[in-house]
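Novice: Have a look; sequence and predicted model below, questions after that.
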Amino acid sequence: MNRREFARLLAVGGAVPFITPEISWAKSAKLPPTPASPDERFWMSVRDQFVMPKDLTMLNAANLCPSSGPVLETLYKMTRDMDQDPSQDNRAKLGDGREKTRELLASFLRVTPEEIVITRNTSESNNLVSTGLDLKPGDEVLLSSDNHPSNHTAWQQKAKRFGFTVVDVPTPNPHPGFDHYVEAFTKAITPRTRVIAITHLTSTVGDLFPAKEICRVARERGVLTLVDGAQTFGLLDVDLSDIQPDFYSGSAHKWPCGPKENGVLFINKGAQPKIWASIFSAYPGRVGISRTFEGFGQRDEPAMIAFGEALKLQSEIGRAQIERRSRELTQALMAGLRRIDGVTIWTSSEPSRAAAVLSFQPGNLDVRKLATALYQKDRIGCATRAGQDRPGLRFSPHFYNTHADVERAVAAVKKYMATGV
């Protein structure tokens, strides 16, 4: 059909079939088995699972990760299937797919499906906790002061409404070590303390918190714990059966490399009687806490199924290998930036206190102009940090990045430090 014929059909109101081109998202070479010691060739094959053009280096996993080809393919196919036949009979299998993702999430975090709620993102998960706990005047919530707004501002605003008190535990820079934070939270607990809410890995400068040890201290004193895992879910090999928080939150669109508007809220079985659901509607989950906590109405179930595909890819590669790779790239970035005169690195140089979020100040350069130049001229994506609190640029590499990406980023920063922007 040529353009004239197509226009004629539109003019007479004729029905034009919806035609889509053949998709090639998932036609890259099959991912080989992960070797015991993966080399750069293997990680290049991992990079090939993503649709980003080869000349684009994304170092912004702490904000938004790309979805892999298999995730996009699953999302497209399941959405097309649903829209071709939106009958309840055909959609029944979507509910089965959602429950399969719940099982995958439980296995991924080493807990049970009965403790998993599939949410839209970390913010929603955190807010379900801060709204759902029965806190009142005289009660106290301890927060790590360097918290994401979804786990900080939310507590502060609800404290105004319900009358409980929020106390910030300072987070000094540079990272003072795990023992410091265990001692600080232990000392901050009072007979009024009901909840401790911490960020597992800060999005600002990448400080890693001793979540397991803080949860243990809280548990021994009858205090509930919420661990914001926005920056560790899909990055670190998180084992909630070992950490034992009461609540843990995460997003699909960050480190898991899944679809947007999907997340997870873990609610420990022991904490389930202590929290109220905030939303009551249709289509809840089928098992455990999801039967009363996941009635959010109509959901994008194809995206929830694609979420499971992202978890499968990470499990196939190996979560310990992914964590090791992301840490390795971060250390390489840090070593390269450290050699550039005028660069101040805010992130701890001690590997055990950091992971894959690296913040630094590039001398006196305007960071917004620098970030724009890096993207427009060098095809490097990153994040900026303004204000007085450790301003600068943030690089956050992930397992789809390569050492060539690291070298390009360091060389570009060095260039602009010498020439300006």
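Specialist: Thanks, I have the structure now. Numbering: from 1, shown residues only.
Novice: which non-adjacent residue is nearest residue 315?
Specialist: For residue 315, ignoring the flanking residues on the chain, the nearest one in space by Cβ to Cβ, 6 or more residues apart in numbering is residue 108 at 6.9 Å. (C-beta placed from N, C-alpha, C; glycine too.)
Novice: Now do the buried residues in the helix ranked longest in the chain.
Specialist: Longest helix of the chain, by residue count under DSSP state H: helix 88-109. Judged by neighbour count (16 or more other Cβ atoms under 10 Å), helix 88-109 contains these buried residues: 94-95, 97-99, 101-102, 104-106, 108-109.
Novice: got it, and stretch 187-203?
Specialist: So for stretch 187-203, counting by 16+ other Cβ under 10 Å, buried means 188-189, 193-203.
Novice: What of stretch 347-360?
Specialist: For stretch 347-360, burial by neighbour count (16+ other Cβ under 10 Å) applies to 347-348, 353-360.
Novice: quick check: domain ranges of this protein?
Specialist: Domain assignment for the chain, taken from automatic domain parsing, gives 92-315, 319-419.
Novice: Could you check the pLDDT of the residue nearest to residue 315?
Specialist: pLDDT recorded at residue 108 is 98.
Novice: secondary structure element for the nearest residue to residue 407 once chain neighbours are set aside?
Specialist: Among residues not flanking residue 407 along the chain, residue 336 sits closest, at 7.4 Å (Cβ to Cβ, 6+ apart). Using DSSP states H and E, residue 336 maps to helix 319-338.
Novice: and the helix or strand following that helix, which strands flank it?
Specialist: On the C-terminal side of helix 319-338, the nearest following helix or strand under DSSP H and E is strand 343-345. When pairs are called by DSSP bridges, strand 343-345 turns out to pair with strand 358-362 (antiparallel).
Novice: and the helix or strand just after the longest helix of the chain, which strands flank it?
Specialist: Moving toward the C-terminus from helix 88-109, the next helix or strand (DSSP H and E) is strand 116-119. If you go by DSSP bridges, strand 116-119 pairs up with strand 263-267 (antiparallel).
Novice: If you count contacts, what does the helix or strand harbouring residue 82 end up packed against?
Specialist: According to DSSP H and E, residue 82 maps onto helix 69-84. Helix 69-84 sits against helix 88-109, helix 301-317, with contacts defined as 3 or more Cβ pairs under 8 Å, 6 or more residues apart in numbering; DSSP states H and E.
Novice: Now do the longest one: everything it contacts.
Specialist: Around helix 88-109, the neighbours that count as contacts under Cβ atoms under 8 Å, 6 or more residues apart in numbering are 78, 81-82, 112-113, 115-116, 118, 233, 238-240, 248, 264, 266, 283, 285-287, 290, 299, 301-302, 304-305, 307-308, 311-312, 314-315, 319.
Novice: Is the closest residue to residue 141 other than its chain neighbours in a helix, a strand, or coil?
Specialist: Nearest residue to residue 141 in three dimensions, chain neighbours excluded: residue 195, at 4.6 Å (Cβ to Cβ, 6+ apart). Three-state call for residue 195 (DSSP: H, G, I helix; E, B strand; the rest coil): strand.
Novice: Surely residue 195 touches residue 133?
Specialist: Yes. Contact status for residue 195 versus residue 133: in contact at 6.5 Å, counting by Cβ atoms under 8 Å.
Novice: looking at this, residue 64 is in a helix?
Specialist: No. The assignment for residue 64, made by three-state DSSP, is coil rather than a helix.
Novice: Might one say that it is in contact with residue 252?
Specialist: No. Counting by Cβ under 8 Å, residue 64 stays clear of residue 252, with 10.8 Å between them.
Novice: Between these two, tell me which one has more neighbours.
Specialist: Between residue 64 and residue 252, counted using other Cβ atoms under 10 Å, the more crowded position is residue 252 (33 against 15).
Novice: Between residue 195 and residue 133, which contacts overlap?
Specialist: Contact with both residue 195 and residue 133 is made by residues residue 224, according to Cβ under 8 Å, 6+ apart.
Novice: hmm, who's touching stretch 161-174?
Specialist: With Cβ under 8 Å, 6+ apart, stretch 161-174 has contacts from 135-146, 155-156, 158-159, 180-181, 184-185, 188, 192, 194, 202, 205, 207, 346, 348, 390.
Novice: now do 6 Å
Specialist: Stretch 161-174 is contacted from outside by 135, 137, 139-146, 155-156, 159, 184-185, 188, 348, using Cβ atoms under 6 Å, 6 or more residues apart in numbering.
Novice: can you check stretch 412-421 too?
Specialist: Taking Cβ under 6 Å, 6+ apart as the rule, stretch 412-421 contacts 340, 342, 363, 365, 369-370, 373-374, 378, 380.
Novice: any idea how far the residue nearest to residue 114 when sequence neighbours are not counted is from residue 296?
Specialist: Closest residue in space to residue 114, ignoring its immediate chain neighbours: residue 288 at 2.5 Å, by Cβ to Cβ, 6+ apart. Here residue 288 is placed at a distance of 16 Å from residue 296 (Cβ to Cβ, to the nearest Å).
Novice: likewise residue 370?
Specialist: Taken as Cβ to Cβ, the span from residue 370 to residue 296 is 41 Å.
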